[in-house]
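Undergrad: sequence first, then the predicted structure, then my questions.
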Amino acid sequence: MKVIAVDDEPVALDIIRTHAEKIPFISLDASFLSAKDALAYLEKERVDVIFLDITMPDLSGIEFASMLDSEIQVVFTTAYPEYALKGFELEATDYLLKPINFTRFLKACQLAETRLQAPGLKKREEEQALFVKDGHDWVQIKFSNLIFAKAEDNYVDLHETDKHTLTRITLTELQTKLPVDQFIRVHKSFVISRQKIERIEKHQVTVGGNKIPLSKLYRNQLLQNVGKDR
């Protein structure tokens, strides 16, 4: 794989260069201290993967990534874990926290290689899941497994077929991240999977074996959508 690295810290680039020299299936063709110089390079050269710092002057890694061709994979590198969600929203292949050790760097390269050998895999995965924060970790929530989401004060409890995850987010914000053709709100505190609806009654809905309250405000909307599905 043809790889470049972009980071405004020379030491960070040295670490990536040292790691890359140990991996036979990648070629670190160039490294840049300036995002603008990297963009100029990309106008002339083909690249498979970019190791990209997030906090840089002039042009941030997030801004840089949003300008790239969708075929180029991005692995974000940063000392700040709070940017992880935004990184995954931009369909990043991986997210490495500094200081980057070799084992973690190798894993990111292997993931990028797998996606390069299976065209379209990255896009399909991103369309079918989202990442949420669970304590200090980030976990993947697959849409196909998600049964319903319940608001709990300033948190949302995500109930999947095999587990549930409590994450700090509002239900309204979560709903903007869910596919509108797969999920629908049925109560001020509940969003459910349309595919997993088993029964609709006057004041409740059965979804994946769970009885969820159905408010009058959302009942007509639910019935209209169910009618469209049929």
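TA: All right, it came through fine. As the structure is a computational prediction, the values presented were derived from the model and not from experiment. Residues are numbered from 1 along each chain as shown.
Undergrad: pop the domain breakdown of the protein in here.
TA: Following the assignment in automatic domain parsing, the chain carries domains at 2-127, 129-229.
Undergrad: could I get those as a markdown table with mean neighbour count and mean pLDDT?
TA: No exception for glycine: its C-beta is placed from N, CA and C like everyone else's. Formatted as a markdown table, those follow (neighbours: other C-beta atoms under 10 Å; pLDDT from 0 to 100):
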| stretch | mean neighbour count | mean pLDDT |
| --- | --- | --- |
| domain 2-127 | 16 | 86 |
| domain 129-229 | 15 | 88 |
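Undergrad: ranges for the helices of the protein?
TA: Here the chain has its helices, by DSSP state H, at 10-20, 35-42, 61-66, 84-89, 102-117, 121-127, 171-177, 216-229.
Undergrad: show me what the fifth one is packed against.
TA: Here helix 102-117 is seen to pack against helix 10-20, strand 49-53, strand 73-78, strand 94-97, helix 121-127 when contacts are counted using 3 or more C-beta pairs under 8 Å, 6 or more residues apart in numbering; DSSP states H and E.
Undergrad: need these in a markdown table (columns: distance to Leu111).
TA: As requested, the helices and strands packed on helix 102-117 are arranged in a markdown table below (distance: least, C-beta to C-beta, whole Å):
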| stretch | distance to Leu111 |
| --- | --- |
| helix 10-20 | 15 |
| strand 49-53 | 10 |
| strand 73-78 | 8 |
| strand 94-97 | 6 |
| helix 121-127 | 9 |
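Undergrad: for Thr167, which of those is the nearest?
TA: strand 94-97 (17.0 Å; C-beta to C-beta).
Undergrad: may I have the strands that pair with that closest one, each with its orientation?
TA: strand 73-78 (parallel) (DSSP bridges).
Undergrad: next, the angle helix 102-117 makes with the partner strand.
TA: Our comparison of strand 73-78 with helix 102-117, counting by axes from the mean of the first three to the mean of the last three C-alpha atoms, to 10 degrees, yields an angle of 160 degrees.
Undergrad: how about strand 73-78 as PDB, C-alpha atoms only?
TA: Extracted in PDB, the C-alpha atoms of strand 73-78 (Å, rounded to 0.1, in the frame of the first residue of the first chain):
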ATOM      1  CA  GLN A  73      -8.400   5.600   3.700                       C
ATOM      2  CA  VAL A  74      -7.600   7.800   6.700                       C
ATOM      3  CA  VAL A  75      -6.000   6.700  10.000                       C
ATOM      4  CA  PHE A  76      -6.300   9.500  12.500                       C
ATOM      5  CA  THR A  77      -3.400  10.000  14.900                       C
ATOM      6  CA  THR A  78      -3.800  12.300  17.900                       C
END
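Undergrad: what residues does that strand touch?
TA: Applying C-beta atoms under 8 Å, 6 or more residues apart in numbering, the contact partners of strand 73-78 are 5, 7, 12, 16, 48-55, 61, 65, 68, 83, 87, 90-98, 100, 108, 112, 115-116, 122.
Undergrad: please apply the same query to stretch 141-152.
TA: Outside of stretch 141-152, the residues within contact range by C-beta under 8 Å, 6+ apart are 128-132, 156-162, 165-166, 170-171, 174, 178-179, 182-183, 188-193, 196, 207-208, 210, 212.
Undergrad: tell me how far that stretch lies from the chain's centre.
TA: Its chain's average C-alpha position is 15 Å from that of stretch 141-152, according to C-alpha atoms, centre = their mean, to the nearest Å.
Undergrad: equivalent analysis for stretch 21-41, please.
TA: Stretch 21-41 sits 24 Å away from the centroid of its parent chain (C-alpha atoms, centre = their mean).
Undergrad: and what of stretch 10-30?
TA: Centroid separation between stretch 10-30 and its chain, computed with C-alpha atoms, centre = their mean, is 25 Å.
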